[in-house]
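Undergrad: Sequence and predicted structure below; questions after.
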Amino acid sequence: MAQDHPKIGPARPVIRQLDDAAINRIAAGEVVERPASAVKELVENALDAGAARIDITIADGGRSLIRVADDGCGMTADDLPLALSRHATSKIDGSDLLAIHTFGFRGEALPSLAAVGRLTLASRAAGQAGVAITVQAGRAEPLRPVAQNRGTQVDLRDLFHATPARLKFLRSDRTEGMAVADVVRRLAMAEPGVTLTLRDATGGEDRLLFRADAELGPDALHRRLAVVLGRDFAANAIRIEAERDGITLTGYAGLPTYSRGAAVAQHLFVNGRPVRDKLLIGALKAAYADLLGRDRHPAAALFIELDPQHVDVNVHPAKAEVRFRDPGLVRGLVISGLRHALAEAGHRSSTTVADGMLGAMQGAQGPGAAARIYQMDRRFDRPSTQSLRDSYAAQGPGFAEASAPMAPMARIEPAPDTDIDRPLGAAKAQLFGTYIIAQTATGMVLVDAHAAHERLVYERLKRQMADHGVASQVLLIPQIVALDAGDVARVLAAAADLARLGLVVEPFGRGALAVREVPAALGLTDAQGLVRDIADELAETGATALVGQRIDAILSRMACHGSVRAGRQMRGDEMNALLREMEATPNAGQCNHGRPTSVTLKLTDIARLFGRT
């Protein structure tokens, strides 16, 4: 017995034209996923209007109120009804959808918001009277005059009241409020010259959640990032500047030793627009590939500027995704620009490493804990020598026992005073056969000799391989790898790059490849699995670094086994030679596993440990 098609009834389906209310609610489903989406659209409109100050207010995580007020160019009485029409925009004229220089351009935000909430739009243009319009359930009320400064204020109340099913998918007010704050912070990074404030009016309160005052001058972005991402990021980030074929990369990237446990501090912008792009995220990860451990993630705020004709921002209504005309060029610029800047950072390690060391040495002291009182600050009568002897005797140990020498654990070596002025100073001692203590002009440096030498040997091996190429091993019997046609085409397109890394592949009939040679450094390897992994990476990111990463892993293990072992006593000239090589070697601030190789303590930090502040 034939079964009816579940989606087709017995009668012929009728094609209908949806009304405007339904169309707007459908569009809102793509544009407005949650309160944070509404805030993003409204703040971007304010930025496009040339606002120098934007004030955002939310209540109940944005469910009951979202208010965005700006001092931009404003709108006239004729503009307001048109602004609430679908696909009506002042951003483009429709002649060229690739020549987009603004955040918004689709003309969907305001009508979509009005379709799912109660929206009031008040605005005044220069030399015009203030006007307002209210839209409820998709129906606009007549225009009315209002007292309004130049600019625009949008009040969105009862979000999703017209589509109550959407409310079930929202999370707690706290979570939604955090999502709103994240959106505001990202836009604050994109526009350092604009003042932004975010307030919470829940329960009639007026609580300031975020404030970023306008920053001007060549260092504006760095100061804005200090406000948004924190002072630690600003202190431990390096400036990124690179250019290739008309594409520029700027911004700041955290030192490898300033890494995070999750990819929460990665902020990417294309022509000023915050984006979440797989290609850029993959390029950022590849740039730090041999500088971080597997469970660590870099922190960065990167800005890519290129001709709008070379990037399509019209991929998704939310405009969070982009498509590059030449993705390989953009990926290569990000990787090379980051690696060059990180290499120039040399032996530099993040200040958070030293702060952690100081915190461990000082012990945990809560914000409400009483200040330490040192011996010199106490007022007491000096006890007699006999009373001190009696006190020690009562505790058990005598003077002789208390002053018994420890087993020798340090090796003291004289060093030239001229080395003190160098970045890593002059080696003064080796502790526990592992750590080198060096004195600088402004403090001291503690170096993990094994970790540092491991990085030095690794960088030396990489340079040798780059100079002499990757040796390959010819297989006696080529391995045949069956793939679909798309994967075969992608791998063959990358065949020249793979051959430079010692992996030689050739076409083998339809839907298969033959692996003729493999990198000798990999030894016995599963060539079929390697090629399939490469095909998957090419399909996902458009590029592959898998072979290079596996070779680097082999070199890293070789460097680990060939470096100075813990416990070995080093002479003074050996320690100083290690310090000088660290200063001249890129990426010497961390070992192959991402751990810091040195900790720097300023003289003021040391003095603070002893209460000399």
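TA: Ah, there it is.
Undergrad: count of neighbours near the closest residue to I247 other than its chain neighbours?
TA: Using C-beta to C-beta, 6 or more residues apart in numbering and skipping residues adjacent in sequence, the residue nearest I247 is L306, 4.4 Å away. Bear in mind the C-beta positions are built from the backbone N, C-alpha and C, glycine included. Neighbours of L306 under the rule other C-beta atoms under 10 Å: 20.
Undergrad: now L306: how far from V547?
TA: 29 Å (C-beta to C-beta, to the nearest Å).
Undergrad: Lowest-scoring secondary structure element of the chain by mean pLDDT?
TA: Every helix and strand of the chain was ranked by mean pLDDT, DSSP states H and E. The lowest is helix 399-402, at a mean of 38.
Undergrad: residues contacting the residue nearest to I247?
TA: Contacts for L306 (C-beta atoms under 8 Å, 6 or more residues apart in numbering) come out as 246-248, 270-271, 330.
Undergrad: again, but for D533
TA: L546.
Undergrad: Double-check that it belongs to a strand.
TA: No. Counting by DSSP: H, G, I helix; E, B strand; the rest coil, D533 falls outside a strand, being helix.
Undergrad: separation between it and I15?
TA: For D533 relative to I15 (C-beta to C-beta), the value is 47 Å.
Undergrad: Please apply the same query to L198.
TA: 46 Å.
Undergrad: on that earlier part again, just the pLDDT for the residue nearest to I247.
TA: The model reports L306 with a pLDDT of 92.
Undergrad: Same check on A407?
TA: Residue-level pLDDT assigned to A407 equals 40.
Undergrad: Also R174?
TA: For R174, the model assigns a pLDDT of 93.
Undergrad: Does anything pack onto the helix or strand containing it? Which helices or strands?
TA: According to DSSP states H and E, R174 maps onto helix 173-190. Judged by 3 or more C-beta pairs under 8 Å, 6 or more residues apart in numbering; DSSP states H and E, the packing partners of helix 173-190 are helix 35-48, strand 53-59, strand 195-200, strand 207-212, helix 220-228, strand 266-270, strand 273-275.
Undergrad: Redo the ones you listed as a markdown table? Include mean pLDDT and distance to R490.
TA: Below are the helices and strands packed on helix 173-190 laid out as a markdown table (pLDDT from 0 to 100; distance: least, C-beta to C-beta, whole Å):
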| stretch | mean pLDDT | distance to R490 |
| --- | --- | --- |
| helix 35-48 | 92 | 34 |
| strand 53-59 | 97 | 44 |
| strand 195-200 | 97 | 43 |
| strand 207-212 | 95 | 43 |
| helix 220-228 | 95 | 37 |
| strand 266-270 | 94 | 24 |
| strand 273-275 | 89 | 24 |
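Undergrad: Among these, show me which one is buried the most.
TA: With neighbours defined as mean count of other C-beta atoms under 10 Å, the helices and strands packed on helix 173-190 peak in mean count at helix 35-48, which reaches a mean of 25.
Undergrad: Which residues does that helix contact?
TA: Applying C-beta under 8 Å, 6+ apart, the set of residues contacting helix 35-48 is 31-32, 54, 56, 58, 61-63, 66, 68, 70, 72, 91, 102-104, 109-110, 113, 117, 152, 154, 156, 159, 170, 176, 179-180, 182-184, 187, 190-191, 194, 196, 318.
Undergrad: Just the C-alphas of that helix, formatted as CSV.
TA: Coordinates of each C-alpha in helix 35-48 appear next as CSV, following Å, rounded to 0.1, in the frame of the first residue of the first chain:
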residue,chain,number,x,y,z
PRO,A,35,18.5,41.0,22.8
ALA,A,36,22.2,41.2,21.9
SER,A,37,21.3,41.0,18.2
ALA,A,38,19.0,43.9,18.5
VAL,A,39,21.6,46.0,20.4
LYS,A,40,24.1,45.2,17.7
GLU,A,41,21.8,46.4,14.9
LEU,A,42,20.9,49.6,16.7
VAL,A,43,24.4,50.6,17.7
GLU,A,44,25.7,49.9,14.2
ASN,A,45,22.9,52.2,12.9
ALA,A,46,24.1,54.9,15.3
LEU,A,47,27.7,54.5,14.2
ASP,A,48,26.7,54.7,10.5
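Undergrad: Only whichever of the contacts of helix 35-48 are buried, select them in PyMOL.
TA: Restricted to buried positions by 16 or more other C-beta atoms under 10 Å, the PyMOL selection for those reads:
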select buried, resi 31+32+54+56+58+61+62+63+66+68+70+72+102+103+104+109+110+113+117+152+154+156+159+170+176+179+180+183+184+187+190+191+194+196
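Undergrad: Isn't V315 up against E321?
TA: Yes. Here V315 reaches E321: they are 4.6 Å apart, a contact under C-beta atoms under 8 Å.
Undergrad: Quick one: mean pLDDT for stretch 237-245?
TA: 94.
Undergrad: Show me the contact partners of it.
TA: For stretch 237-245, using C-beta under 8 Å, 6+ apart, the contacting residues are 222, 225, 248-255, 258, 299-302, 329, 332-333, 336-338, 340-342, 344-345.
Undergrad: quick one: which of those residues sit in helices?
TA: Members of the contacts of stretch 237-245 lying in helices (criterion: DSSP state H): 222, 225, 329, 332-333, 336-338, 340-342, 344-345.
Undergrad: On the three-state scheme, the closest residue to A114 other than its chain neighbours is what?
TA: Spatial nearest neighbour of A114, excluding adjacent residues (C-beta to C-beta, 6+ apart): V135 at 3.9 Å. V135 carries the three-state label strand when classified by three-state DSSP.
Undergrad: quick revisit: list only buried entries from the contacts of stretch 237-245.
TA: For the contacts of stretch 237-245, buried by 16+ other C-beta under 10 Å: 222, 225, 249-255, 258, 299-302, 329, 332-333, 337-338, 341-342, 345.
Undergrad: how about low-confidence regions in the protein?
TA: Applying pLDDT under 70 to the chain flags residues 1-10, 17-31, 87-107, 137, 316-319, 349-417, 558, 561-567, 613.
Undergrad: What's the biggest strand in it, counting residues?
TA: strand 472-482 (DSSP state E).
Undergrad: Quick check: which helices or strands does it pack against?
TA: strand 512-519, helix 527-541.
Undergrad: which of these is buried the deepest?
TA: strand 512-519 (a mean of 20).
Undergrad: Show me the contact partners of that strand.
TA: Counting by C-beta under 8 Å, 6+ apart, 470-475, 478-483, 488, 491-492, 501-508, 525, 527-528, 530-531, 547, 550-551 sit against strand 512-519.
Undergrad: What's the PyMOL line that selects buried ones from these?
TA: Here is the PyMOL command that selects the buried residues among those (16+ other C-beta under 10 Å):
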select buried, resi 470+472+478+479+481+483+488+491+501+502+503+504+505+508+525+527+530+531+547+550+551
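Undergrad: Reformat the helices and strands packed on strand 472-482 as a markdown table; add distance to L579.
TA: Listed next are these as a markdown table, based on distance: least, C-beta to C-beta, whole Å:
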| stretch | distance to L579 |
| --- | --- |
| strand 512-519 | 34 |
| helix 527-541 | 39 |
